[in-house]
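Trainee: please work out how this folds:
(chains A, B, C, D, E, F, G and H)
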Number of protein chains: 8
Amino acid sequence: MTLSIYLAGQIHDDWRDQLKSKAKQHDLDLKFSGPQENHDLSDDIGEQILGQQPNQIDRDDAASSINNFRTQLMMQQADAVIALFGESYKQWNTAMDAGIAIGLNKPLILIRPESLVHPLKELSNKANVTVETIDQALDVLVYTFK
Amino acid sequence: MTLSIYLAGQIHDDWRDQLKSKAKQHDLDLKFSGPQENHDLSDDIGEQILGQQPNQIDRDDAASSINNFRTQLMMQQADAVIALFGESYKQWNTAMDAGIAIGLNKPLILIRPESLVHPLKELSNKANVTVETIDQALDVLVYTFK
Amino acid sequence: MTLSIYLAGQIHDDWRDQLKSKAKQHDLDLKFSGPQENHDLSDDIGEQILGQQPNQIDRDDAASSINNFRTQLMMQQADAVIALFGESYKQWNTAMDAGIAIGLNKPLILIRPESLVHPLKELSNKANVTVETIDQALDVLVYTFK
Amino acid sequence: MTLSIYLAGQIHDDWRDQLKSKAKQHDLDLKFSGPQENHDLSDDIGEQILGQQPNQIDRDDAASSINNFRTQLMMQQADAVIALFGESYKQWNTAMDAGIAIGLNKPLILIRPESLVHPLKELSNKANVTVETIDQALDVLVYTFK
Amino acid sequence: MTLSIYLAGQIHDDWRDQLKSKAKQHDLDLKFSGPQENHDLSDDIGEQILGQQPNQIDRDDAASSINNFRTQLMMQQADAVIALFGESYKQWNTAMDAGIAIGLNKPLILIRPESLVHPLKELSNKANVTVETIDQALDVLVYTFK
Amino acid sequence: MTLSIYLAGQIHDDWRDQLKSKAKQHDLDLKFSGPQENHDLSDDIGEQILGQQPNQIDRDDAASSINNFRTQLMMQQADAVIALFGESYKQWNTAMDAGIAIGLNKPLILIRPESLVHPLKELSNKANVTVETIDQALDVLVYTFK
Amino acid sequence: MTLSIYLAGQIHDDWRDQLKSKAKQHDLDLKFSGPQENHDLSDDIGEQILGQQPNQIDRDDAASSINNFRTQLMMQQADAVIALFGESYKQWNTAMDAGIAIGLNKPLILIRPESLVHPLKELSNKANVTVETIDQALDVLVYTFK
Amino acid sequence: MTLSIYLAGQIHDDWRDQLKSKAKQHDLDLKFSGPQENHDLSDDIGEQILGQQPNQIDRDDAASSINNFRTQLMMQQADAVIALFGESYKQWNTAMDAGIAIGLNKPLILIRPESLVHPLKELSNKANVTVETIDQALDVLVYTFK
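Mentor: Residues are numbered from 1 along each chain as shown, chains lettered A, B, ... in the order given. Reported below is the predicted structural model:
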């Protein structure tokens, strides 16, 4: 069994690398994808490709159109989605991606700290599995191959 | 043409009533649904129906299971979704509901203030229409009937 | 909002009548459907329509083909499914109907006594809401209209 | 042609190993998946990953959330489902999995002893093929490659 | 419950009228649709609307394009399909319509005389219910409302 | 039978009114929808609702986002689509709408003059029925009710 | 590009071998599947696996349940379907399989002699391409790779 | 990640070769498909395979039936679609293919010169990304792999 996992969540630290490097230790047939983690590139990509835009709204829309194209392709190819929430940042993209996964009936693992139980209770209830740490999310993947 | 609109967003003020009362003035064949707006009831409904739960996590999960059942029924019957974001609250349910609408291919109107352009740029790009005020969202509905 | 609810479960007592009569007190726009509750008719319908069959297997298959036709029509028209389990009977039809509802992405309420928590844990986790009594299931429907 | 088959059914004896070892003799391009067969692990996995739970209901729900994640991934990748019923155990997961397969329009083989003809008549009628033994189920797969 | 039934089958006798008039006696909420029963009109409709065609193939294709438009609309609105086979005529449209119903997962009743058991065995096995007479098909519908 | 028909095509003359008024003479249960026929309103609606835009591209995108929201709602509710092409205008919206109808498996009638046979040959082959005049398209609808 | 083609049609001569051997000469990445071509095996398979049946109807139903399981798996994996009709045999399975392909939106090539234009006009109109010979069907596949 | 891209657009110059050769320089796992680029072959293929047709309409319909079969297969296998518009030609196939991609929810990149902003505003709004040059479209693909 090969599994493709889309990793939704913020792109301000290296949580995806942690997850991937732990996954590698288990030697499982896992492929990971996720949003563009180079934050500046993610914000600039619209103007890099389409040229300077007349204002900030257009600059943002240009970038997001390209990021959304990329995400839709990866989400389509994913067998499951892991969505990580933390205490910083608005993380609306993470919640939107989790919602899209639910709408497309993709299995979903939610990672969130205990402090966010209440505001994420509906999303947690919709997810297949809710855990608190990256290690626990990996444990779920490891178990899937057992 | 009859249209059913699901109104996703926070439940801390009367924005839905404002929208509905303005809609009524136009005498259009519109039906609105949305999350439980009685905030205490929304949080208590799990224990009200299922009895006292052993801890806060279970209390929240019980409530959210019933809220999600209700939302899924309403979303299924909706022809379109309006999602409103403001500067307060985490609003992850709003982003999740918008994501589900996208995953289900339901037409989506996003209402958000100019201050939230950047953090909502991907969601805005996925929505059919993005506006800044409730009045503008209503204008879109009014135009749909013209 | 009109809701059509399919009531999956055993047909040996009047639990559906109890639910319907309580629902009537709330004056909600609810329509109920469910399997044929006349047990003898349900078992005989194959031979009643198709004539005597060569053996018990064929007699059962004839009846079930007609019961399944009836169920598929009702399930298609249902907005949600309530599945009730008790301590008697094998109830494999109930579990199959619940599974079909899950496969079709129909919202699902599970009613089961506390004694069945363990054997129904996977189905409970897949259901939107799990309750222990008919009254609680009705409470969930009542809340949906609030 | 490569076929992936999900083997739904109880996990108290080695029926899957019997089926797989017979399949191997035919040298067919078959891949099998199924629920976690280590029964203790299957029950413990929730607490193993998520830590001790406040009560048995939560312990069971934690385990089943992870088992359901695993099953949904395997079911999605399966080309067909074999569901085995015997005279022991409640086997509601088996009936639910068979129902999900029906809801998802996955081809389904039902294995059940003659003694269970009557209680499984609706499920048998919904299955593509009903047989009484593991050998017969394998014969159907072998024929598929002829 | 309202049911819309598409009546697939030959158009050379009044079997649909028989079925409808018997249905009327039961006072059920049934709506029937079916192919154009005026055989000459059905063959001529292409040239009636599109003008004379250069050859028989084009004449037939013109007519069938319009008949297929009509059938697709009716099939989409149908809750179930009844397909009747007899000993005369090729009846390939009937088999195609039954196949489309199967592909669309619409419940299907097959009516065929005992003499056609063998050549229709695969279609019979795919149908929900197989009967031999119009009366029996009606009995299945009547039972659905019980 | 009630049919909802979406009328795709240019908005520079009154062809929809012609079709509707002829349809009225036949007293059929037909509902029509289509793009905004007030051409200036259709182009201005973005700035009317969202305020002045920084440039023509944004002005056009604002208008089209609202027009597309409107069209998606109407297309979703349509049972069939009629797409009319003439010798003037680019008519790319018409071709896109016809393509969406094909992608969504909605029955499609194409109206095009003989002079456009060659450039529309692929679209004609994908449509259910191809005719040359509005009267012929109406004849197809009339026949559907016979 | 790899294409899997299901070859629907009678199993009384070697038309599939002819098609496959011609395809081989073109060295294209084509995989073919189709119904069981050993006619006796196809009719006997039910009793071979399930044991002697009480009558001819049950014998036929047993065989067809296994043949349908096999066909459904192959049809699911097929990118396109070729359906061949000739002047002999009832060929209702061919028409049913073509109908299923249409219902599932699989591209369909119809092969039929000129003598069958009229009785197959609706199916021909629903097929993507209609040809008269096996060579022509192969030409269409060859062109697909050009 | 492997991506299959369908290149919709006119076939009168070598824009696809330009795109493919630039893509090759980036050494990405991209596969491209598209309409038959040999214009004469594309127009003649109907008569080449099916023989001389009675008139131009039939000649065109024969060719387009085979081209559409080919396109449907390629579109089904595509992960995304690029649609290019220029100032010459009617390009209705391009708009139809883009519409089909939208109806099937395939990610879509639109390439169009600034001069076509207004007539393509609805299609541009429906596309995921709109660019002006082939190089920019390739940049979007390159970014997708970053």
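Trainee: which residues touch A:Gln36?
Mentor: Going by C-beta atoms under 8 Å, 6 or more residues apart in numbering or on different chains, A:Gln36 touches A:11, A:42, A:45, A:67, A:70, H:143, H:146. The C-beta positions use only the backbone N, C-alpha and C, and glycine is treated the same way.
Trainee: is it true that the third one lies in a helix?
Mentor: Right, A:Ile45. Yes - assessed with DSSP: H, G, I helix; E, B strand; the rest coil, A:Ile45 lies in a helix.
Trainee: how about it, what does it touch?
Mentor: A:Ile45 touches A:36, A:62-63, A:66-67, H:143, counting by C-beta under 8 Å, 6+ apart.
Trainee: pick out the most distant pair among the residues you listed.
Mentor: Largest separation among the contacts of A:Ile45 by C-beta to C-beta: A:Gln36 and A:Ala62, giving 13.9 Å.
Trainee: pLDDT below threshold where in chain A?
Mentor: Nowhere does chain A drop to pLDDT under 70.
Trainee: quick one: the helices in chain A?
Mentor: A:15-25, A:39-50, A:56-77, A:92-103, A:121-126, A:134-144 (DSSP state H).
Trainee: pick the most deeply packed of these.
Mentor: helix A:92-103 (a mean of 27; mean count of other C-beta atoms under 10 Å in any protein chain shown).
Trainee: other SSEs contacting that helix?
Mentor: If contacts are counted by 3 or more C-beta pairs under 8 Å, 6 or more residues apart in numbering or on different chains; DSSP states H and E, helix A:92-103 sits against strand A:3-9, helix A:56-77, strand A:80-84, strand A:108-111, helix A:121-126, helix B:92-103, helix B:121-126.
Trainee: let's go with 7 Å and repeat that
Mentor: With contacts taken as 3 or more C-beta pairs under 7 Å, 6 or more residues apart in numbering or on different chains; DSSP states H and E, helix A:92-103 sits against strand A:3-9, strand A:80-84, strand A:108-111, helix A:121-126, helix B:92-103, helix B:121-126.
Trainee: among those, which is nearest C:Asn128?
Mentor: helix A:121-126 (8.4 Å).
Trainee: okay, which residue is most central for chain A?
Mentor: A:Ala8 (0.7 Å; C-alpha atoms, centre = their mean).
Trainee: in contact with that residue, which residues?
Mentor: By C-beta atoms under 7 Å, 6 or more residues apart in numbering or on different chains, the contact set of A:Ala8 is A:81-83, A:94, A:97-98.
Trainee: again, only using 6 Å
Mentor: By C-beta atoms under 6 Å, 6 or more residues apart in numbering or on different chains, A:Ala8 lies in contact with A:81, A:83, A:94, A:97.
Trainee: what's the closest non-adjacent residue to the last one?
Mentor: Closest residue to A:Asp97 in three dimensions, ignoring its sequence neighbours and counting by C-beta to C-beta, 6 or more residues apart in numbering or on different chains: A:Ala8, at 3.8 Å.
Trainee: and the one you found, bridged to which residues?
Mentor: A:Ala83 (DSSP bridges).
Trainee: isn't A:Ile82 right up against A:Ile109?
Mentor: Yes - counting by C-beta atoms under 6 Å, A:Ile82 touches A:Ile109, with 4.6 Å between them.
Trainee: hey, what's in contact with both of these two?
Mentor: The contact lists of A:Ile82 and A:Ile109 share A:Ala137, where a contact means C-beta under 6 Å, 6+ apart.
Trainee: who has more neighbours, these two?
Mentor: A:Ile82 (30 against 26; other C-beta atoms under 10 Å in any protein chain shown).
Trainee: out of the helices and strands packed on helix A:92-103, nearest to C:Val117?
Mentor: helix A:121-126 (18.0 Å).
Trainee: ok, that closest one near chain C or not?
Mentor: No - Helix A:121-126 is not in contact with chain C by C-beta under 6 Å from any C-beta of the partner chain; minimum separation 8.4 Å.
Trainee: that helix - contacts with which helices or strands?
Mentor: On a contact count with 3 or more C-beta pairs under 6 Å, 6 or more residues apart in numbering or on different chains; DSSP states H and E, helix A:121-126 meets helix B:56-77.
Trainee: what helices and strands are in contact with the helix it packs on?
Mentor: Partner elements for helix B:56-77 (3+ C-beta pairs under 6 Å, 6+ apart): helix A:121-126, strand B:3-9, helix B:39-50, strand C:129-131.
Trainee: contacting residues around that helix?
Mentor: Residues contacting helix B:56-77 (C-beta under 6 Å, 6+ apart): A:117-118, A:121-122, A:125-126, B:4, B:6, B:33, B:43, B:45-47, B:50, B:53, C:79, C:107, C:128-129, C:140, C:144.
Trainee: wait, what's in contact with the spatially closest residue to A:Ala101 that is not a sequence neighbour?
Mentor: Spatially, and ignoring its direct neighbours in sequence, A:Ala101 is nearest to A:Val81 (4.1 Å; C-beta to C-beta, 6+ apart). Going by C-beta under 6 Å, 6+ apart, A:Val81 touches A:6, A:8, A:101, A:106, A:108.
Trainee: and stretch A:43-51, C-alpha only, in CSV?
Mentor: Taking Å, rounded to 0.1, in the frame of the first residue of the first chain, the C-alpha atoms of stretch A:43-51 are listed here in CSV:
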residue,chain,number,x,y,z
ASP,A,43,3.4,35.5,-1.2
ASP,A,44,5.5,36.7,-4.2
ILE,A,45,4.7,34.0,-6.7
GLY,A,46,1.8,36.0,-8.3
GLU,A,47,3.9,39.0,-9.1
GLN,A,48,6.9,36.8,-10.0
ILE,A,49,4.9,35.1,-12.7
LEU,A,50,2.3,37.7,-13.7
GLY,A,51,4.2,40.9,-13.1
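Trainee: quick check: closest non-adjacent residue to the residue in chain A positioned nearest to chain F.
Mentor: Going by C-beta to the nearest C-beta, chain F is nearest to A:Pro54 of chain A, at 4.2 Å. Leaving out its chain neighbours, the residue that sits closest to A:Pro54 by C-beta to C-beta, 6+ apart is F:Pro54, at 4.2 Å.
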